[in-house]
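J.: Got a predicted structure here, sequence first:
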Amino acid sequence: MTTPPPGGSGLPANLSHELRNALGCIHQFGNILVEELAGKLSDEQREYVGIMLENASQIRRLLDSA
Amino acid sequence: MTKTTILVVDDNPTVRKGLSIRLRANGYEVLFAEDAISATAALVTERPDLVILDLGLPCGDGFVVMERLHKNDRLANIPVIVLTGRELADNRDRALQAGAAAFFQKPVDDGPLLSAIWKALDVSRGELRFD
């Protein structure tokens, strides 16, 4: 197995690119919801969106460190 | 007072929509382009105050758009912030050398992106150079 270059994910470039694009959308719209730019959230809804964002951040950390 | 206009260039409609909601919530007017050709056309016809530019685009790529922008004296001062899913290693230095004011890899946090926009607009309006 080869060592990825500094700043490279070690994943195939196309896969990394597509994952980052999809993750960017989850992150962007999750934040839009949690900041109530698209309307008021109930406490329960806010909690669920928070869980989504936490998990998206976890995937991001995995991608950054892969 | 005229609103500051930002051209968002990305071939993904969901990315464009997400960015537009965020930018409009912060008081910016937002224009869109989905490929390198329409981006170049929008730069000429609309002359936005700033560009948020993806690198992987149909009909060219983000580097082509930056090259065209910097070759046009009327457009050369428009700051470009690169926001891409491409790898840092292959693209960040190249984008900054090509004249980008900032480089972000997706997903980007809103705070750093908005800070980079403010800074780039300040520099642009002060007619300072990034280099």
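T.: Nice, I can see it.

J.: you'd agree residue B:103 is in a strand?
T.: Yes. Judged by DSSP: H, G, I helix; E, B strand; the rest coil, residue B:103 forms part of a strand.

J.: Please name the bridge partners of it.
T.: Beta-bridge partners of residue B:103, counted by DSSP bridges, are residue B:82.

J.: That one: what's it in contact with?
T.: Listed by Cβ atoms under 8 Å, 6 or more residues apart in numbering or on different chains, the contact partners of residue B:103 are B:81, B:82, B:84, B:88, B:91, B:92, B:95, B:96. Just so you know, the C-beta spots here come from the backbone N, C-alpha and C atoms, and that holds for glycine as well.

J.: between those, which is nearest chain A?
T.: The closest of the contacts of residue B:103 to chain A turns out to be residue B:88 (Cβ to the nearest Cβ; 3.5 Å).

J.: Backbone dihedrals for the closest one, please?
T.: Per-residue torsions, residue B:88: phi -60, psi -50 (degrees, to the nearest 10).

J.: right, and it touches residue B:104 too?
T.: No. Judged on Cβ atoms under 8 Å, residue B:88 makes no contact with residue B:104 at a distance of 9.9 Å.

J.: Got a PyMOL select line for the buried ones in the contacts of residue B:103?
T.: Applying 16 or more other Cβ atoms under 10 Å in any protein chain shown to the contacts of residue B:103, the buried members can be selected in PyMOL as follows:
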select buried, chain B and resi 81+82+84+88+91+92+95
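
J.: Nearest to residue B:122, out of the contacts of residue B:103: which one, please.
T.: Nearest to residue B:122 among these is residue B:81, at 13.2 Å by Cβ to Cβ.

J.: quick one: which helix or strand includes residue B:114?
T.: helix B:110-125 (DSSP states H and E).

J.: That helix: which residues count as buried?
T.: B:110, B:113, B:116, B:117, B:120, B:121, B:124.

J.: try stretch B:72-81
T.: For stretch B:72-81, the neighbour count (16+ other Cβ under 10 Å) marks B:75, B:78, B:79, B:80, B:81 as buried.

J.: Need the residues you listed in CSV (columns: pLDDT, distance to chain A and secondary structure).
T.: Below are the buried residues of stretch B:72-81 laid out as CSV (pLDDT from 0 to 100; distance: Cβ to the nearest Cβ, whole Å; DSSP: H, G, I helix; E, B strand; the rest coil):
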residue, pLDDT, distance to chain A, secondary structure
B:75, 95, 27, coil
B:78, 96, 23, coil
B:79, 97, 21, coil
B:80, 98, 18, strand
B:81, 98, 14, strand
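
J.: so how far is residue B:48 from the closest residue to residue B:12 other than its chain neighbours?
T.: The shortest distance from residue B:12 to any non-neighbouring residue, by Cβ to Cβ, 6 or more residues apart in numbering or on different chains, is to residue A:21 (5.8 Å). Distance check for residue A:21 against residue B:48: by Cβ to Cβ, to the nearest Å, it reads 23 Å.
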